[in-house]
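Q: I'd like to go over a predicted model; first the sequence, then the structure.
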Amino acid sequence: QEPVKACIITKTDINPFFVKMKEGATAKAQELGIELMSYAGKIDGDHETQQQAMESCIAAGVKGILITPSDTKAIVQSVQQARDAGILVIALDTPLDPIDAADATFATDNREAGRLIGAWAAGRMGDEAANARIAMLDLSPSAPSVDVLRNQGFLEGFGIDVKDVNTIGDEDDARIVGHEATSGNEEGGRQAMEALMQKDPGINLVYTINEPAAAGAYEALKSFGMEENVTIVSIDGGCPGVENVKAGVIGATAQQYPLKMASMGIEAIAAFAKDGTRPQSSEGLDFTNTGVNLVTDQPVEGVDSISVEDGLSQCWG
Amino acid sequence: MMSDTPDPVVERNPAEAVASFDRHTRRPLERVQHFLHRYPTMVPVIVLVLSVIAFGLIAPNFFSAFNLSLILQQVAVVGTLAAAQSLVVLTAGIDLSVGAVMVMVSVIMGKLSIDFGIPVPIAILIGLGVGAATGALNGALVTRLKLPPFITTLGTWNIFLALNYYLSNRETIRSQTLDAEAPLLKFFGERFSLGGAVLTYGVVLMVIVFAVLWYALYQTAWGRRVYAVGDDPESAALAGIQTNRVLMSVYVVAGVICGLAAWSSIGRVGSVSPTSFFEANLESITAVVIGGISLFGGRGSILGPLIGALIVGVFNSGLRLAGVDVLWQLFATGWLIIVAVAIDQWIRKISS
Amino acid sequence: MMSDTPDPVVERNPAEAVASFDRHTRRPLERVQHFLHRYPTMVPVIVLVLSVIAFGLIAPNFFSAFNLSLILQQVAVVGTLAAAQSLVVLTAGIDLSVGAVMVMVSVIMGKLSIDFGIPVPIAILIGLGVGAATGALNGALVTRLKLPPFITTLGTWNIFLALNYYLSNRETIRSQTLDAEAPLLKFFGERFSLGGAVLTYGVVLMVIVFAVLWYALYQTAWGRRVYAVGDDPESAALAGIQTNRVLMSVYVVAGVICGLAAWSSIGRVGSVSPTSFFEANLESITAVVIGGISLFGGRGSILGPLIGALIVGVFNSGLRLAGVDVLWQLFATGWLIIVAVAIDQWIRKISS
Amino acid sequence: MDQENLVMSQPLLSARNLVKRYGRVTAMDHADFDLYPGEILAVIGDNGAGKSSLIKAISGAVQPDEGEIRLDGQPVSFASPLEARQMGIETVYQTLALSPALSISDNMFMGREIRRPGVLGKWFGMLDKPAMDAFARKKLSELGLMTIQNIGQPVETLSGGQRQGVAVARAAAFGSRVIILDEPTAALGVKESRRVLDLILDVRSRGIPIVLISHNMPHVFEVADRIHIHRLGRRLCVIDPREHTMSDAVAYMTGARLPEGIAA
Amino acid sequence: MDQENLVMSQPLLSARNLVKRYGRVTAMDHADFDLYPGEILAVIGDNGAGKSSLIKAISGAVQPDEGEIRLDGQPVSFASPLEARQMGIETVYQTLALSPALSISDNMFMGREIRRPGVLGKWFGMLDKPAMDAFARKKLSELGLMTIQNIGQPVETLSGGQRQGVAVARAAAFGSRVIILDEPTAALGVKESRRVLDLILDVRSRGIPIVLISHNMPHVFEVADRIHIHRLGRRLCVIDPREHTMSDAVAYMTGARLPEGIAA
Ligand SMILES: Nc1ncnc2c1ncn2[C@@H]1O[C@H](COP(=O)(O)OP(=O)(O)OP(=O)(O)O)[C@@H](O)[C@H]1O
Ligand SMILES: Nc1ncnc2c1ncn2[C@@H]1O[C@H](COP(=O)(O)OP(=O)(O)OP(=O)(O)O)[C@@H](O)[C@H]1O
Ligand SMILES: [Mg+2]
Ligand SMILES: [Mg+2]
């Protein structure tokens, strides 16, 4: 009997988050005797390559596809083709739009991750929150969905009116100093931080799209001699990121579990291949929440968090 | 020393006469080289056939009508774009903006149809018009301000990318919305079967674009002038060609083809996605270069880039089906470019 | 008709003599054009000064010693890379791989120091050696296989990018780890003050690289040969230059400079990040082009790209400080490229 | 052919006070020019005297800064070589102006391609390649300059002499009013040069006037009806080759002697 | 100078059976060549006869497929023009081989730049620009060909004749054993050509032999000691200009007549 085949399609092969997700899936697939093929877009937002990968997966006759969509709306058509061909399609990390376009979604709620760090930051600043000077370090000018969800989630959590929840930068709250793109890497984070610091040297809170950007922002702050006065929050929970929380570089980060998403996804495919069972969503949600935890050693009342110790034990990459 | 009787016929062309001495036997490799030198368009065809065979052997499922027709569908958009790129490269230029223009035009077509309620055919016409206008901007910068095409289009690339994000607000228009309100925009994504293979009208569009360009380049005066301008613009001008006008027409036609590719891309993607085809620029250049069109202009067959696009498509698909890791796909693509052009260069060597 | 007495001195050069008739009065614009034509390096300098003044007026905080020195820090890495790029462009080539080489070398330096425990100075030397090797690969493809540099480096770009991801496993080496185990890698990020301005050694490196290149290009035989090869490779070969050797040396030196830029980038980023500087290729080309080096080779001053990099830095910083949206920053960069090169072209016009 | 009569008649092509500056160099400094019907006019002068510039101005390749050009007495101004060609002025430039990668026939018809008769040509702009090839072959054979076997051969595969032949054949085939040749024999061997001179005489016998720029005095004195001497960007004088020796001409053109009493 | 003696002595530079093929074209077909000390050897032949190819082979610019080259009786093989130059063979190619954007002085010293004395030159490779400029200016003045005011001027701003002058001056300045000139006067006017011919005679009087390729028969017959006639890719014969007329030479070179009894 031929081995069961499956695909995993990630946004990029550059971001360690997706690399770990792929590694998690590969390990699980090996364990379950599934033949796994992995694909990725060239940059975040590269929809076309993902679409081609979907088609190649269909051509290869796989049983299931795990995908972290770059364009949550556009990929729906290819997903439909795959499902029409009898393939189980599971969205990982990022839900499709509409969410029921996939058979299942194993995801972190990115907006929730944003809310967590926003709420933590608000709690940490206490009354000073009214005088916050906030720098927003986003991903890219093309503003992919993860960018929007995290950014807007953070602002919501902090208690800022986000206006259109689908648009970055339409807020008029004076506490926001500005938004800059970082490409999600250290150099971009540093450049963006430098620019915003010059606009307002009084910045005391920095939201970052991910931990590499946070590390870059910290370098910038250090060069300004401001690293003591500013709180950086981030999202991802990769090992270097959690280490940075421990080192005090990052105040708190929202940890996600790519390995868990991926292995759950592979298990679901194995089950589907065996007897056609389809995964069920979490209670009260239209997706399976793989969970997000706030990692910090400075817990704030009313915001659940885990210790850095725990964070390190569950971190990826 | 005068062993050979000199030829008394004065009319005889010395080069021809001297050529007749050339009767040394050729090694088999040289024969192949000679054959390919005479039919340079065959080079990419051979590379294509070889890679199809190679991937058929190593990649399971590669060699199915389904997969082969899938490859065609996958290259349709970049292939159409490569046609536009070829035209510009034939004039010794390069157009880094084709990808950005295409995405921007697709956004314009979508926005006008959906958000502004303009009748779809008119929205499409406006989109094509915008494509022509972007070409006219590039052309004007190249012909009026005499900017090198590389720089012109590096600049306009940034500009069109920014406009694209601005116009789309980075939001995708969903497939369902298009189905309901503007199905015509998805026309080129529709499938039909042709003897076992399933093709889209986008594939047909690509083939038609190349066929029309072939006709225009080889059978009309305009085409001869495009080659002349690419070959040596000064000589062309002295020979009575209005080089600026030819260059301008090339950029405008390329812009219109980008507009057609935009329409085709909506069908391909199924929705209007402002973040798609980020790599289309470089892919179109790769297809043109692998297809044997000289970056120095004036040389190469327009059908080459069609084959070039197919080669890239076959490689991508084959590597994916063979289960090669993304990272090594990147690696292999790098070598593909180098090897394909090195072969081409080797064949052309004897001409210099 | 014979109103003018012909000149009886046979020795006199006709062109010179005819030139002496040229005494028509010049409009002020023409004067400026003439001045700039004589000192073409002044063109980017003027663009730089104008943009500094413009942003000083519109952007708050722009015009401080602090901000201006920050811009220097920001351009240090791309500026160093632009020096490598300039060398290649002077030989009528283009190097699309510089960014990928730099990131790969920084990963190699970091990996060797941290994961393999190799002494940092040796790791750095190995990194520079790898830089040289990448240059040698590019150079060999260009000189041996006669591939166009654009294609060669398009291919090797993919290859080095893949190797970079492979070697780094896309994992960042943290700043703290470097501080603890290999602080030397961060040397170029260290700051010192110079009369109110805070500079990093990375800025000093950039300036030194340009100064050394200036010396090598203008004061040594090698430099003259680089220009000759870029200007007209065939003539240079007939004049007794070993063009392949010169080209090879250019690519290798460019590779080593990329290695230095890699070291500098570790200091700038603070950590070893395999995903940083994705755009460094295009930024280095932009700096070179704005700096007035001709993409056709052999023309332009090596100091131009230094100014070009500063212009791009001033623009980026100024637009950000002025609170311009990311999207319009992209838009403005596009126009910057076009306008800067158009001005350059306008000034050079009278020479043709 | 009675040259005196020619000089009496109205010039076919004339120019007055042409000025052209390139930056600091004045290539033409109030240059005059007259070409009479049916004559061979040689233009001679030092390197850099401005001969090519003059020819480029009257053939539309450059636009003079000042001055006036008249064709058949009517002021004309050519914005491009195309416009001059449309008026029947055909030029072989010093650089030949051929497109190396294109075929001989493509080059000969560049800018005035023949279309197919009927719908194909009218609506689809289809070229009549057989007709063009046949015409090109005929013209080349008439020239007798070479035995080109394949009219579809790219020009770059021809030898220097063959190329110059193609350029001359193109001009001879299409020049209906004036043919201008800028150093057509510079790269040619003895035999090939001879052919071009014969062609020039042949064209004149068809009544078409020719402007010949050359540094080769024997050639000039062999074929020219009148000699225009150019110096320092302007016409110094016009001499009759039957009344002056080669050394007179050289002396005038280098400025060693003044051409007393001869009107410019 | 007694030419008979020259012919008796051993050739300074000679070639036997050189063959060079370009694809289907055989540019040289077992060509021979001999240059004797102190002579001016003219090489004449039709367009495409293979003269430039011969010159390129003996100056290292192309590598012959077959055949042997001897310098002073020793077999040599030049992998590049540089190697030929290092042996004292200096060539002015038909294309001049100048770098347009570089200065006159840079061009003259291309590939053999002078370094500063002392540490700067030795360790830092610093050029001695004043020395180079002074030398270049001196050589150009010696040539008397032009009044160049600025030795740092880019070559592209010079007129065609001035450029040819720079190339010739470069060869004359550095050619210690042989100077080869491939059509050095093709683009030159009467006066400028005269200067180059004088220069050639002058160089010979310094004892350096010269190879002159030219299509200009009067020039050739004026200066040459011997005339090498090239035809169909090989040496047809060598004639003495004092014993043959120009029309003899033309007849041989075009194949109209056979050079009876003259050894190739
Ligand atoms: N495009 C140009 N830019 C600058 N200077 C030019 C240009 N064209 C010609 N000149 C200058 O104008 C003058 C006249 O040049 P032109 O080519 O007309 O001379 P010519 O008489 O044809 O010489 P030749 O016998 O060498 O062909 C020269 O000094 C030349 O350098
Ligand atoms: N690089 C090349 N590639 C192909 N053919 C060539 C090449 N160089 C020369 N030839 C051919 O070799 C033959 C001899 O050319 P060569 O230049 O030696 O002639 P030549 O005697 O110098 O002619 P001319 O008097 O026109 O300078 C010609 O038929 C030419 O087309
Ligand atoms: Mg001229
Ligand atoms: Mg020759």
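A: Thanks, I have it. Ligands and ions are numbered 1, 2, ... in the order given.

Q: Look up how far chain B lies from the residue in the stretch 201-317 of chain A that ligand 2 sits nearest to.
A: Of all residues in the stretch 201-317 of chain A, the one sitting closest to ligand 2 is A:P212 (54.6 Å; C-beta to the nearest ligand atom). (Glycine included, C-beta is placed from N, CA and C.) In this view, A:P212 and chain B are 19 Å apart by C-beta to the nearest C-beta, to the nearest Å.

Q: try D:F33
A: 19 Å.

Q: Shouldn't that residue be within a strand?
A: Yes: D:F33 forms part of a strand when assessed by DSSP: H, G, I helix; E, B strand; the rest coil.

Q: from memory it sits against D:N17, does it?
A: No: D:F33 lies out of contact with D:N17 (C-beta atoms under 8 Å); the separation is 10.3 Å.

Q: out of these two, which sits in the more crowded spot?
A: D:F33 (25 against 14; other C-beta atoms under 10 Å in any protein chain shown).

Q: so where's the stretch 251-352 of chain B uncertain?
A: Residues of the stretch 251-352 of chain B that meet the criterion pLDDT under 70 lie in B:348-352.

Q: what does it have sitting close to chain D?
A: Residues of the stretch 251-352 of chain B lying near chain D by C-beta under 8 Å from any C-beta of the partner chain: B:G298, B:R299.

Q: can you give me the helices in the stretch 251-352 of chain B?
A: Using DSSP state H, counting those that start in this stretch, the helices assigned to the stretch 251-352 of chain B run over residues B:280-290, B:303-321, B:326-349.

Q: Can you list the helices and strands that the first one packs against?
A: Contact partners of helix B:280-290 among helices and strands, from 3 or more C-beta pairs under 8 Å, 6 or more residues apart in numbering or on different chains; DSSP states H and E: helix B:65-90, helix B:98-114, helix B:303-321, helix B:326-349, helix C:149-168.

Q: on that earlier part again, is the one helix or strand the residue of the stretch 201-317 of chain A closest to ligand 2 maps to positioned near chain C?
A: Here A:P212, judged by DSSP states H and E, is contained in helix A:211-224. Yes: residues of helix A:211-224 are located near chain C by C-beta under 8 Å from any C-beta, namely A:P212, A:A215, A:G216, A:Y218, A:E219, A:K222, A:S223.

Q: circling back to that earlier point, a markdown table please, covering the helices of the stretch 251-352 of chain B and showing mean neighbour count and distance to ligand 1.
A: Listed next are the helices of the stretch 251-352 of chain B as a markdown table, based on neighbours: other C-beta atoms under 10 Å in any protein chain shown; distance: least, C-beta to the nearest ligand atom, whole Å:
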| stretch | mean neighbour count | distance to ligand 1 |
| --- | --- | --- |
| helix B:280-290 | 27 | 33 |
| helix B:303-321 | 25 | 36 |
| helix B:326-349 | 20 | 33 |
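
Q: remind me which residues of the chain are low pLDDT?
A: No chain was given, so I picked chain A. Scanning chain A for pLDDT under 70 picks out A:1.

Q: Chain D is the one I meant
A: In chain D, residues with pLDDT under 70: D:1-8, D:143-149, D:159-161, D:261-264.

Q: Run through the strands of it in chain order.
A: D:13-22, D:25-35, D:40-45, D:66-71, D:74-76, D:89-92, D:178-182, D:210-213, D:226-231, D:234-239 (DSSP state E).

Q: Quick one: closest of those strands to B:A216.
A: Nearest of the strands of chain D to B:A216, taken as C-beta to C-beta: strand D:89-92 at 27.7 Å.

Q: Now for A:E112, how many residues are close by?
A: Residues within reach of A:E112, counting by other C-beta under 10 Å, total 18.

Q: Pretty sure it sits against A:T290.
A: No: at 11.4 Å, A:E112 and A:T290 do not qualify as touching, with contact defined as C-beta under 8 Å.

Q: give me the number of residues near the residue of the stretch 201-317 of chain A closest to ligand 2?
A: 32.

Q: what helices or strands is the helix holding A:P212 leaning on?
A: Packed against helix A:211-224 by the contact rule (3+ C-beta pairs under 8 Å, 6+ apart) you find strand A:134-138, helix A:186-199, strand A:205-208, strand A:231-236, helix A:239-246, helix C:175-181.

Q: can you tell me which residues contact the residue of the stretch 51-200 of chain A found nearest chain D?
A: Closest to chain D within the stretch 51-200 of chain A is A:Q52: 36.3 Å, counting by C-beta to the nearest C-beta. A:Q52 makes contact with B:Q74, B:N316, B:S317, B:R320, according to C-beta atoms under 8 Å, 6 or more residues apart in numbering or on different chains.
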